[in-house]
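Trainee: I'll drop the sequence and a predicted model, then ask my questions.
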Amino acid sequence: MNRDFRPQALHAAGRPSLALAAQGFFWVGGQRLDTPAGPVMRGQMYVEYWIPADLRHPLPIVMIHGGGGQGLDFLGTADGREGWAHWFVRQGYAVYVVDRPGHGRSPFHPEALGPMSPLLPTAFLEEMFCKPEEHPERYPQARLHNKWPGAGHLGDPAFDHFLASAGPAQADMAQAHKDTRHAGVEMLAAIGPAILLTHSAGGPTGWLLADACPDLVKAIVAVEPVGPPFTERAGGKLAWGLTAAPLRFDPPAATPEDLDLVEKAPVRDGTVACLIQREPARQLPNLTGFPIVVVTAEASWMAMDNHGTVDFLAQAGADVEHLRLEDHGVHGNGHAMMLETNSDDVAAVIAGWIDGKALS
């Protein structure tokens, strides 16, 4: 890392003062587990809050990170600028940033949470997150990517900054979803109604929290949520369509096998067929009554299949939109858009959608 982190240098390079009324953290979701070493805590989730001095919006935004990441994905970009947490606080939003159980500052021990996922290959991060344009064979939109700062390879400061934050996850996807749902319900009980902003593998947290406490979820901004529905990843399958843990359908579905599926052909070049329910489709009653948007970057691999999540939600009765960044003049982003050079532009598009829903 070649940046200067001395206080004088940071002060000189700083933006206008960030005025806060409160900043701190708390824990939710901890469950007692008896072990040979005695009782321990498992499943606890770290929640950090930033409350602006000029609080201009009634609903806070809860930022929920993705797979091998952590809450600091929203606290700074790969090239050292302020992150989405700062951006939204500067717009007058209260912001809560979580580390999902087993990630970041939320402790991970396999005797408490279960086995860890395998190490994520560094080459995968280079090819799919940072420099997909050098691997156009990976997916059709890869050639459009140009917003990662720096060379995008091991040894480059911005890439090494990104790599340093990457960590393991619970190997059991279904258990991970249950643990985060448990902790998230406690969090919403403590902070009240909120807008959930999820990313990637954090997407199921949004669906599960709305399902568990729909009165406290006022909107979901799902930034490239993991999918498409029913896909299988390392550690498990989105067996309930959007999640690996159960969702409440109407008519009820006792098991995932109760969901009758059919393939829907793609309608846009560069996209793939995805699974939806066969009509008449079971509804998701707790994911209705509030707005949802799926945000997709132009040059991400999820540009191929994010529409599958939108289609599944719409069929199940949700008020959902698909926001493609290129349709709003924001081009060249990959999956980790909050870390890229135009991260503020992406945040502004999201804020515009929130404003348009009279949530602010």
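Mentor: Thanks, I have the structure now.

Trainee: so how many other residues sit close to H177?
Mentor: Using other Cβ atoms under 10 Å, the number of residues around H177 comes to 25. All C-beta atoms are positioned from the backbone trio N, CA, C, and that covers glycine.

Trainee: do Q277 as well
Mentor: Residues near Q277, counting by other Cβ under 10 Å, number 21.

Trainee: ok, now F162?
Mentor: Neighbour tally, F162, other Cβ under 10 Å: 24.

Trainee: Over to M337?
Mentor: Based on other Cβ under 10 Å, the number of other residues close to M337 is 29.

Trainee: same check, this time on C130
Mentor: Around C130 there are 28 residues (other Cβ under 10 Å).

Trainee: With L20 instead?
Mentor: L20 is flanked by 14 other residues according to other Cβ under 10 Å.

Trainee: Would you map the helices across the protein?
Mentor: 7-12, 84-90, 110-113, 122-125, 157-165, 173-191, 203-212, 306-315, 343-356 (DSSP state H).

Trainee: Next, the buried residues of stretch 284-291.
Mentor: 284, 286-288, 290-291 (16 or more other Cβ atoms under 10 Å).

Trainee: Identify all contacting residues around it.
Mentor: 207, 210-212, 214, 217-220, 247-250, 313, 316-321, 357, 359 (Cβ atoms under 8 Å, 6 or more residues apart in numbering).

Trainee: List the ones among these that fall in strands.
Mentor: Applying DSSP state E to the contacts of stretch 284-291, the entries found in strands are 217-220, 319-321.

Trainee: Could you pick out the buried ones from the residues you listed?
Mentor: Applying 16+ other Cβ under 10 Å to the ones in strands among the contacts of stretch 284-291 flags 217-220, 320-321 as buried.

Trainee: Kindly reformat these as CSV and extend each row with distance to E134 and pLDDT.
Mentor: Below are these laid out as CSV (distance: Cβ to Cβ, whole Å; pLDDT from 0 to 100):
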residue, distance to E134, pLDDT
V217, 39, 98
K218, 41, 98
A219, 37, 98
I220, 33, 98
V320, 34, 98
E321, 32, 98
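
Trainee: and those residues as a markdown table, adding distance to G184?
Mentor: Putting these into a markdown table (distance: Cβ to Cβ, whole Å) gives the following:
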| residue | distance to G184 |
| --- | --- |
| V217 | 10 |
| K218 | 15 |
| A219 | 15 |
| I220 | 12 |
| V320 | 20 |
| E321 | 23 |
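
Trainee: which one of those is nearest L125?
Mentor: I220 (26.6 Å; Cβ to Cβ).

Trainee: tell me which residues form a beta bridge with the closest one?
Mentor: L196, I292 (DSSP bridges).

Trainee: quick one: it and G202 touch, right?
Mentor: No - between I220 and G202 there is no contact under Cβ atoms under 8 Å: 11.0 Å.

Trainee: Need the residues touching each of these two.
Mentor: Here I220 and G202 have no joint contacts, going by Cβ under 8 Å, 6+ apart.

Trainee: lowest-confidence helix or strand of the chain?
Mentor: Least confident helix or strand of the chain, by mean pLDDT, DSSP states H and E, is helix 7-12 with a mean of 85.

Trainee: Distance from the chain centre to that helix, please.
Mentor: Counting by Cα atoms, centre = their mean, to the nearest Å, helix 7-12 is centred 32 Å from the centre of its parent chain.

Trainee: now do stretch 281-301
Mentor: Its chain's C-alpha centre and that of stretch 281-301 lie 13 Å apart, by Cα atoms, centre = their mean.

Trainee: And stretch 71-86, by the same measure?
Mentor: Counting by Cα atoms, centre = their mean, stretch 71-86 comes out at 14 Å from the chain centroid.

Trainee: contacting residues around it?
Mentor: Contacts of stretch 71-86 (Cβ under 8 Å, 6+ apart): 3, 15, 18, 46, 48, 50, 63, 65-66, 95, 97-99, 103-105, 148-150, 158-159, 161-162, 165, 197, 199, 336, 338-341, 343, 347.

Trainee: Select only the buried ones of those residues in ChimeraX?
Mentor: Of these, the buried ones go into a single ChimeraX selection, burial set by 16+ other Cβ under 10 Å:
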select :46,48,50,63,65,66,95,97,98,99,103,104,105,148,149,150,158,159,161,162,165,197,199,336,338,339,340,341,343,347
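
Trainee: Out of the contacts of stretch 71-86, list just those in strands.
Mentor: Per DSSP E, the subset of the contacts of stretch 71-86 in strands is 46, 48, 50, 63, 95, 97-99, 197, 199.

Trainee: Make a markdown table from these and add distance to A123 and pLDDT to it.
Mentor: Converted to a markdown table, the ones in strands among the contacts of stretch 71-86 look like this (distance: Cβ to Cβ, whole Å; pLDDT from 0 to 100):
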| residue | distance to A123 | pLDDT |
| --- | --- | --- |
| Y46 | 30 | 98 |
| E48 | 32 | 98 |
| W50 | 35 | 98 |
| M63 | 28 | 98 |
| V95 | 34 | 98 |
| V97 | 29 | 98 |
| V98 | 29 | 98 |
| D99 | 26 | 98 |
| L197 | 29 | 99 |
| H199 | 22 | 98 |
